[in-house]
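1. Dropping the sequence and predicted coords here.
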Amino acid sequence: MPRTEKSLAERKPKSAIKTIARISQYMLHKSWMLALSVVFVLISAGAGVAGTYFLKPLINEGILPLIGQDSQTADFRPFIQMILGMSTIYLIGALSSYIYSFLMIKVSNGTLNAIRKDMFNSMQDATIKYFDTHTHGELMSRYTNDVDAVREAISIGLSMLMASFITIVGTFVMMLILSPLLTLMIVIMLLVMFAITRMVSSRSSLYFKKQQKVMGTVNGYIEEIIEGQKVVKVFSHEEEIKKAFAKINEDLRGVATDANTYANIMMPIMGNLSYLNYAFTAAVGAVMVINNRMDIGTIAAFLQYTRSFSHPIAQISQQFNAILAALAGAERIFEVIDEKPEQDKGFV
C-alpha cells in the first residue's frame, strides 16, 4: 500500500506569525526593492485617492457654471485644466502600479529561488527513513503546488494587500472630510462585511490546509504506482489500484470543492453588500442635496469614494484566501527545510 503523510490532526501547525516572519527573512535579500515597492504603492494609492477628490471641484467649479451658457462664449479653461490635472494624477498612479508590480515579481522570484535551494539542500542531507515515510509525489508537491502558492501570495497578494490597505485609509480620511454622517453609515456596513469575512475565512482556512495535504497524497500515490507499474502488472493488482486511487481522488475532489466554494462565495457576497451600501448612500445623499445640506460635487465624490472604499475591502477578502493557502504551503516547505540531517557516523 502507498505511504501517506501524518493526518492533519497529528500534524501540529506552526504559528502563522512565525511562518510570515520566516518568509520575510527570505524576502530581505532584496530589501531595497521592497522599500522601493512600498514607495510606489504609496504613490499609486495616493494618486487614486487624490484623483477622486478632483470630482468635487470639477463638478462644482468646472461643470455647473457652464450649465445654461452659450457654448460659443462659455469659458472652458477651468474645466479643461481640471481634466488635465486628473489625467496626470491617474497616469502617475498607473505608472506606479506597474513599477511596484514589477518589483514584487522580482522579489518573489528571488525569494522562491532561495527557498527551493534550501529545501533541495535539506533533502540531500535527510535520512533514509525520511524518504521511506514520504513518497516522491508528496515531496514533489512541495516544489510545485506549495511553492507556487507562496509565489502567488508574494508577487500578487502582498502588493495588492498593501495597495488596498493604503487606499482604505486614504479614502476613509477623505470621506470623513466630505461627510461624517455618510461615513458613519459606511463604517456600519464595513463591520457587517468584516463579520462575514471572518466567518467564511475560518472555514476556508481549514479546507485549504486539507487540500494541500490531500493533493500531496494523490501526487505521491501516482508517483509510486507509476514507478511500480511492472509489479502491479505481475500480480494483476490493477483493480485494487484503481479502487484505492478512486478513493483518494474523491477525497481531493471533496476538500478542493469545499475550499474553493468558500473562497469563491466571498467576492459575490462582498460585491452585493457593496452595491447595497452604494445605493443606500446615494439615496441618503440625494435627500441631503435636496435639503441644501450638501452640494452635488461633494455627493459625487463621496459616492466614488464609496466604490473605492468597498473595492479594496473585497480584494483583501479575496487575497486573504490566497494568503491562507500560501501559509499552509509554507509550513509544509519549512517542514522539509527543518528536517534533521543524517549523521555520518562512519562504518561500524
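-> Thanks, I have it. Keep in mind the model is a prediction, meaning the values are calculated, not measured. Residues are numbered from 1 along each chain as shown.

2. When you work out contacts or count neighbours from here on, use the C-alpha atoms and nothing else.
-> Will do.

3. Following element in sequence after the longest helix along the chain, please.
-> In the chain, assigned by DSSP state H, the helix with the most residues is helix 238-290. Next along the chain after helix 238-290, taking DSSP states H and E as the criterion, comes helix 296-337.

4. what is the rounded mean pLDDT of that following helix?
-> If you average the pLDDT over helix 296-337, you get 80.

5. And that helix, what does it pack against?
-> Applying 3 or more C-alpha pairs under 8 Å, 6 or more residues apart in numbering; DSSP states H and E, we find helix 296-337 packed against helix 16-27, helix 31-53, helix 55-57, helix 77-124, helix 147-152, helix 159-178, helix 180-227, helix 238-290.

6. and those as a markdown table, adding mean pLDDT and mean neighbour count?
-> Below are the helices and strands packed on helix 296-337 laid out as a markdown table (pLDDT from 0 to 100; neighbours: other C-alpha atoms under 10 Å):
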| stretch | mean pLDDT | mean neighbour count |
| --- | --- | --- |
| helix 16-27 | 80 | 15 |
| helix 31-53 | 87 | 20 |
| helix 55-57 | 87 | 20 |
| helix 77-124 | 88 | 17 |
| helix 147-152 | 80 | 20 |
| helix 159-178 | 86 | 20 |
| helix 180-227 | 81 | 18 |
| helix 238-290 | 83 | 16 |
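
7. Distance to Leu327 added to the ones you listed, as TSV?
-> Output for these, formatted as TSV (distance: least, C-alpha to C-alpha, whole Å):
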stretch	distance to Leu327
helix 16-27	7
helix 31-53	20
helix 55-57	41
helix 77-124	14
helix 147-152	7
helix 159-178	15
helix 180-227	9
helix 238-290	15
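
8. which one of those lies closest to Leu303?
-> Nearest of the helices and strands packed on helix 296-337 to Leu303, taken as C-alpha to C-alpha: helix 238-290 at 6.8 Å.

9. orientation of that closest one relative to helix 180-227 in degrees?
-> Counting by axes from the mean of the first three to the mean of the last three C-alpha atoms, to 10 degrees, helix 238-290 lies at 170 degrees to helix 180-227.

10. Could you list every helix and strand that helix 238-290 packs against?
-> So helix 238-290, by 3+ C-alpha pairs under 8 Å, 6+ apart, packs with helix 180-227, helix 296-337.

11. next one: the longest helix of the chain to chain centre, how far?
-> Helix 238-290 sits 15 Å away from the centroid of its parent chain (C-alpha atoms, centre = their mean, to the nearest Å).
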